[in-house]
Structures are given as structure tokens and as C-alpha cells.
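Asks: For reference, the sequence and a predicted model appear below.
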Amino acid sequence: MSSIRARVRGGRLVVDAPTDLPEGLEVTLAIVDDDLDEESRTALESSLEESHAELERGELLDAADVLSGLRSLRSVGR
């Protein structure tokens, strides 16, 4: 999924950076309304990018496998 940052200026959405999206492509915008300051948002985006890189490298564990392993440990302790 791609994201594009824009700001409202004079009642219009202004994209902050050039994009390589095809000419005429229709995009849907979602309003981000949270309490993150710029530093927190930057940290979050950095963390998400690193997580995506880990996924691409095959370094993440499947949540279902982790939960299954935890359930097995719990049932052994009974």
C-alpha cells in the first residue's frame, strides 16, 4: 500500500512531493486525525517501514503460529 502526504491550503489538497503514479489515476484520500506530534509520527512511520522490510526479508513470524505455540506451552503446564 502506498501513501501520499498532502496538506490543505486555500481549501485545496496540495501534495507535498512528486509522485510516479500514472496520469489520471483516481486516488482515495483518508483524513488522519490523531494526537501524534511530528516526532511521534516520524518514529511510527520509521517503525512501520522497518517492519515492512523485515516482512520482505522473511524475518517475521506468523501470529497464528506464535499463538499456537503459546497455547501448547500453556497446556503442557497443566
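Replies: Yep, it's here.
Asks: Need the phi and psi values for Arg9.
Replies: The phi and psi values for Arg9, taken as degrees, to the nearest 10, are phi -140, psi 120.
Asks: which residues does it bridge with?
Replies: Under DSSP bridges, the beta-bridge partners of Arg9 are Arg12.
Asks: what stretches of this structure score poorly on pLDDT?
Replies: 1-2, 77-78 (pLDDT under 70).
Asks: again, only using 90
Replies: For the chain, the stretches flagged by pLDDT under 90 are 1-8, 13-21, 27-38, 41, 45, 73-78.
Asks: Just the helices from it, written as ranges.
Replies: Counting by DSSP state H, the chain has helices at residues 38-56, 63-76.
Asks: Save the ones you listed as TSV, and put in mean neighbour count and distance to Asp20 too.
Replies: All C-beta atoms are positioned from the backbone trio N, CA, C, and that covers glycine. Output for these, formatted as TSV (neighbours: other C-beta atoms under 10 Å; distance: least, C-beta to C-beta, whole Å):
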stretch	mean neighbour count	distance to Asp20
helix 38-56	11	18
helix 63-76	9	33
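Asks: Tabulate those helices in TSV, adding columns for distance to Arg12.
Replies: Shown next, in TSV, are the helices of the chain (distance: least, C-beta to C-beta, whole Å):
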stretch	distance to Arg12
helix 38-56	22
helix 63-76	41
